[in-house]
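In: Have a look at this fold, sequence not included:
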């Protein structure tokens with residue numbers, strides 16, 4: 001029997017306050033990704049390629065080996081001031097958040113100025129010169145008496161921000177400074193709230209590159225692992241390491257099928273398993289071999305590979 005009364009159906013908010021548009025086959029942003037693989041497997045190359053394809057506007061890099069990876073990192077645009085090599089410095093996270101908040105301030109400032117500009121331009125078109133203040137003229141007219149629109153380096157689009165943590169296992173930042181890192185990961189998509197357009201926040205997508213999934217101190221903490229939207233796993237010869245990974249992420253399809261998918265994904269040198277825990281509705285699977293081949297688990301336990309160029 002259905003009772004009558006108020007509609008108790010859960011309603012979802014409209015808009016994309018914390019989501020950015022990405023290419024069709026790319027994962028959603030903001031994201032948090034953990035990349036696990038032994039030394040020399042190709043973690044940095046994989047992440048650099050993914051970051052490049054996601055078309056970030058600003059990238060922060062925390063890595064004591066940034067200079068030695070210059071040839072690879074030159075594939076993406078990282079400003080020198082956005083590279084942090086001293087992983088003993090616990091103010092790094094504060095600095096990155098401060099710079100992201102400045103991006104949010106500039107974004108809001110541009111949209112506020114555009115509102116004023118549109119009103120100013122309307123007065124010009126309607127010949128309402130008496131309503132134009134000296135302040136408006138000073139703001140929107142140049143020395144040649146030409147109208148100048150407000151400028152923003154992305155033409156008013158919210159900047160896509162990434163932060164890469166590379167080769168920081170066992171560092172001071174990941175031991176004494178782990179609370180700051182954890183806090184960044186928990187709040188990453190809410191960093192630098194903005195008022196303009198649909199609101200939301202600028203947010204920071206984080207990418208952690210690590211040789212081990214778990215370790216006693218100075219490693220990838222539970223809050224970081226729990227808040228990951230996606231995971232890259234390279235081939236490992238360490239059975240305990242693989243079991244830890246499988247126990248944490250194989251719940252949806254079971255250990256046996258997950259192992260089969262993992263073996264297909266990592267059957268070539270430097271190939272990896274990419275798992276997207278929140279894939280787009282257009283993606284046929286949350287599992288991929290590298291970035292371009294979806295691995296689809298069938299009801300009979302077989303795996304179908306579907307490659308995209």
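Out: That came through fine. Owing to the predicted nature of the structure, the values given are computational and were not obtained by experimental measurement. Residues are numbered from 1 along each chain as shown.
In: Determine the set of other helices and strands touching the lowest-mean-pLDDT helix or strand in the chain.
Out: The weakest-scoring helix or strand in the chain, judged by mean pLDDT, DSSP states H and E, is helix 70-73 (a mean of 73). The contact analysis (3 or more C-beta pairs under 8 Å, 6 or more residues apart in numbering; DSSP states H and E) places helix 70-73 against helix 43-53. The way it works is simple: take the backbone N, C-alpha and C, and place the C-beta from them, glycine included.
In: And the helix it packs on, what does it pack against?
Out: Here helix 43-53 touches strand 32-36, helix 70-73, strand 161-166, strand 205-210, strand 230-234, going by 3+ C-beta pairs under 8 Å, 6+ apart.
In: Sheet partners, orientation included, of the fourth one?
Out: It refers to strand 205-210. strand 32-36 (parallel), strand 161-166 (parallel) (DSSP bridges).
In: Now render those as CSV, adding mean pLDDT, distance to residue 136 and mean neighbour count.
Out: Listed next are these as CSV, based on pLDDT from 0 to 100; distance: least, C-beta to C-beta, whole Å; neighbours: other C-beta atoms under 10 Å:
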stretch, mean pLDDT, distance to residue 136, mean neighbour count
strand 32-36, 95, 44, 24
strand 161-166, 96, 33, 26
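In: I'd like to know which of those strands is closest to residue 128.
Out: Set against residue 128 and scored by C-beta to C-beta, those come closest in strand 161-166, at 40.7 Å.
In: which outside residues touch that closest one?
Out: 43-44, 47, 51, 54, 56-63, 65-66, 69, 96, 100, 103, 181, 184, 202-209 (C-beta atoms under 8 Å, 6 or more residues apart in numbering).
In: Please pull up the helix or strand immediately following it.
Out: Downstream of strand 161-166, the first helix or strand assigned by DSSP states H and E is helix 178-187.
In: circling back to that earlier point, would you mind saying which of the helices and strands packed on helix 43-53 lies nearest residue 280?
Out: For residue 280, the closest of the helices and strands packed on helix 43-53 is strand 230-234, at 12.0 Å, according to C-beta to C-beta.
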